[in-house]
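Novice: This is the structure alone, sequence omitted:
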């Protein structure tokens, strides 16, 4: 579905559009993140890599895992980097390296949040401790979703 949606990329310089987007929207990065920012932060997102790379560069974030999409054609190159796929991708790059703190605004990130020593949910721009009791069953601990590398 995303590949169809991204088909409008043909004939548009989406790299330049992403840069302009972040020119205007970098001011929306919350102060709480700026105060917590560390050199080893990782952004892991379902968004296309080329859309997120400019803001990571501007914020000094060197670690990015994202959906791989050809910016010229909109063709998806890899699986959509969401829910259990985030766990697979994290493990592929970082192995068993522990996650100290984790922040997200989506329960779809529960599989990755469970790997963290401390997980936080961002609700309307505010940080709260992750409440796993609200996790949908398909993301619950012990569900039967495989996380091994399927490449």
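Specialist: Yep, that arrived. Source: prediction; values computed, not measured.
Novice: does the spatially most central residue of the chain count as helix, strand or coil?
Specialist: Among the residues of the chain, the one closest to the centroid is residue 45, at 1.7 Å (C-alpha atoms, centre = their mean). Following DSSP: H, G, I helix; E, B strand; the rest coil, the label given to residue 45 is strand.
Novice: The residue lying closest to it once chain neighbours are set aside - how many residues pack around it?
Specialist: Ranked by C-beta to C-beta, 6 or more residues apart in numbering and with sequence neighbours excluded, the top spatial neighbour of residue 45 is residue 66, at 5.0 Å. For the C-beta atoms, the positions are set from N, CA and C on the backbone; glycine is no exception. Look at residue 66: counted by other C-beta atoms under 10 Å, it has 22 neighbours.
Novice: Got phi/psi on residue 66?
Specialist: Residue 66 adopts backbone torsions of phi -150, psi 170, taken as degrees, to the nearest 10.
Novice: And residue 57, by the same measure?
Specialist: Torsion angles, degrees, to the nearest 10, at residue 57: phi -60, psi -50.
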